[in-house]
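[1] When you get a sec, could you give me coordinates for this:
(one chain, ligands or ions: 1)
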Amino acid sequence: MTQRPDPAPPTALAFDPSCRVWTGTSTPGAVAVPELVGRLDIDEASLSWAARDYGELVHHQPLAVLRPGDVGDISAILRFAADFSLPVVPRGQGHSLAGQAQAPGGIVVDMSGIDHVHEVTADHVVVGAGARWSQVLQATLPLGLTPPVLTDFIGLSVGGTLSVGGLGGTSHRYGAQTDNVLALQVVVADGSVLNCTAEERRELFDSVRANYGRGGIITCATLRLVPAPDIVRYRKLKCPSLNDFLRVQRQLVRGGHVDHIEGHIKLRENGQPSFEVETAAFTDAADAATALEGIDRGEAVQLPYRDFVNRLAEGDLIIGEMGIGQSTHPWCNVLLPDGAAKSFLASATADLHQELYGEFGLLLAYPLLTSKLTTPQMALPAGELIYLAAALRHAFADSPEVITSMTASNERWFNDATAANATLYAHPFIRA
Ligand SMILES: Cc1cc2nc3c(=O)[nH]c(=O)nc-3n(C[C@H](O)[C@H](O)[C@H](O)COP(=O)(O)OP(=O)(O)OC[C@H]3O[C@@H](n4cnc5c(N)ncnc54)[C@H](O)[C@@H]3O)c2cc1C
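    Alright, predicted model coming up:
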């Protein structure tokens, strides 16, 4: 995402409630901003930065950006903002697609500074919620440990993915990242700092996970750890058809041997779709389970686990180098009931053209077991097996007609998904 601006330190600030603007502390009727360890930025560069995200479809400027120096700053600003009904919205790494981390007319809390790794033990890590998953891994991998579930891109923040769920290739076995949290520290609307777990303040624990920042601001998380494999056997199983793609994924998930299972439907140079099931096995025995009738499984690539979990870094770099503001991402993610997966993905595959997906676009689809997804706020379709399906589109920001076609295609996704009793995942739907 966009580099965070670093403006000159602000002078003493106050809020004038009658005009709802920042002013000096000597203005009559103005209320001074509480003293902070960090800072409250109101310069144009900071406000524009906070009005952007990875989607680049929604842009709402806040009145200020808080760079908290500690958790006390977040409490103080929440209390201050409550007096003037200013919305306060946390922002992790800004990889939202529809403005979820923006605060129109309010205060964005830039969580990236709250990223300290406090403790790593044999079975858990305690980390500031603004830390990226890559920072968590930096602390745990030297001890041979990893969180059981990682998102495909590990540059997202802990608080950001715990606010949506956090799904990855091992979710068929371990559920979402929100199912692997042991404890949370949360700052609630009145500024109180509360700890919660499945046993203590269960209501808060349940209301803050996968609730898009609505239950409170997560400031610290205790995350479960499991042993990390040294080497991963990584394969792309080439499936002749969508039917085979779905058959192979179901077979692998139900077999329970393969550690990581995802799937990509891409456009080949000849204009035809390719169906690839992505697997990663942490042992030779698990890798043997990928030998399936009628499927070309090619050669396994042996990768250090560290490189495997960081496999998207290069792609993100390429997109980053194209320049911030040039890329727009009208993505759509849904969770489908198994019975609807075939017809939904057949129709999505028929729409898989460069005009609707861009040069780097693809369809992501993989199965999950609902018995493993236990986070109460995560809306799931009915059934034992469900599918995550995502339209990962890319457009240049200066092609408004392309963006409109992509958004209209998302609308078809939304309508088909709703008719199939699917649920939306991670992002609200934006109408064309
Ligand atoms: C390139 C890319 C790859 C992705 N891969 C995956 C994937 O593999 N699996 C998956 O499940 N999702 C994936 N996503 C979706 C991603 O999980 C969500 O968009 C996530 O919210 C982004 O995290 P962030 O740190 O950028 O959050 P932000 O965009 O900064 O914030 C997202 C939401 O979380 C809230 N929030 C942020 N921090 C906190 C906090 N500390 N406390 C409370 N609320 C908070 C915000 O207010 C906002 O509502 C991907 C997105 C992108 C762009």
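
[2] all helices for this structure, in order.
    For the chain, helices defined by DSSP state H occupy the ranges 44-50, 71-83, 133-140, 158-162, 171-174, 202-208, 242-255, 284-288, 305-309, 313-321, 338-350, 354-357, 400-419.

[3] what's the closest of the ones you listed to Val149?
    Closest approach to Val149 among the helices of the chain (C-beta to C-beta): helix 171-174, 5.0 Å. In short, each C-beta sits where N, CA and C put it, glycine included.

[4] what packs against that closest one?
    When contacts are defined as 3 or more C-beta pairs under 8 Å, 6 or more residues apart in numbering; DSSP states H and E, helix 171-174 sits against strand 362-369.

[5] I would like the residues contacting the strand it packs on, please.
    Contacts of strand 362-369 with the rest of the structure, by C-beta atoms under 8 Å, 6 or more residues apart in numbering, involve 167, 169, 171-172, 245, 249-250, 253, 261-267, 335, 338, 341, 345, 348-349, 352, 357, 384-392.

[6] what's the pLDDT at the nearest residue to Ser347 once chain neighbours are set aside?
    Residue nearest to Ser347 in three dimensions, not counting chain neighbours: Asp416, with 6.4 Å by C-beta to C-beta, 6 or more residues apart in numbering. pLDDT for Asp416: 92.

[7] Neighbours of Asp416, how many?
    17 (other C-beta atoms under 10 Å).

[8] surely it meets Ala346?
    No: counting by C-beta atoms under 8 Å, Asp416 does not reach Ala346; the two are 10.7 Å apart.

[9] Contact residues of the stretch 51-200 of the chain facing the ligand?
    53-54, 89-96, 100-101, 111, 129, 151-153, 156-157, 159-161, 163-168 (C-beta under 6 Å from any ligand atom).

[10] Report the central residue of the protein.
    Thr161 (4.4 Å; C-alpha atoms, centre = their mean).

[11] Quote the end-to-end distance of stretch 192-201.
    13 Å (C-alpha to C-alpha, to the nearest Å).

[12] and it, which residues are buried?
    Val193, Cys196, Arg201 (16 or more other C-beta atoms under 10 Å).

[13] Give me the buried entries from the contacts of strand 362-369.
    Among the contacts of strand 362-369, those buried by neighbour count (16+ other C-beta under 10 Å) are 167, 169, 171-172, 245, 249-250, 253, 261-265, 267, 335, 338, 341, 345, 348-349, 352, 357, 385-392.

[14] So in this protein, where's the weakest helix or strand by average pLDDT?
    helix 313-321 (a mean of 55; mean pLDDT, DSSP states H and E).

[15] Not counting sequence-adjacent ones, nearest residue to Ala286?
    His257 is the one closest to Ala286 (C-beta to C-beta, 6+ apart), at 5.0 Å.

[16] Now do the contacts for that neighbour.
    Ala281, Ala285, Ala286, Ala288, Ala289.

[17] Make a PyMOL selection of whichever of those residues turn out to be buried.
    If you want just the buried ones from these in PyMOL, going by 16+ other C-beta under 10 Å, the selection is:
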select buried, resi 281+286+289
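
[18] ok, the closest residue to Ala103 other than its chain neighbours - how many residues close by?
    Residue nearest to Ala103 in three dimensions, not counting chain neighbours: Val89, with 3.9 Å by C-beta to C-beta, 6+ apart. A total of 21 residues lie near Val89 under the criterion other C-beta under 10 Å.

[19] Could you measure from Val89 over to Asp351?
    In this structure, Val89 and Asp351 are 33 Å apart, going by C-beta to C-beta, to the nearest Å.

[20] again, but for Leu252
    With C-beta to C-beta as the criterion, Leu252 and Asp351 are 26 Å apart.

[21] cool, and Val402?
    As for Val402, its distance to Asp351 is 14 Å (criterion: C-beta to C-beta).

[22] Between those two, which is the more surrounded one?
    Per other C-beta under 10 Å, whichever of Val402 and Asp351 has more neighbours is Val402, with 20 against 14.

[23] about what we covered before: assess the claim that the residue nearest to the centre of the chain and Trp133 are in contact.
    Yes: in this structure Thr161 lies within contact range of Trp133 using C-beta under 8 Å: 7.3 Å.

[24] Cool, thanks, talk later.
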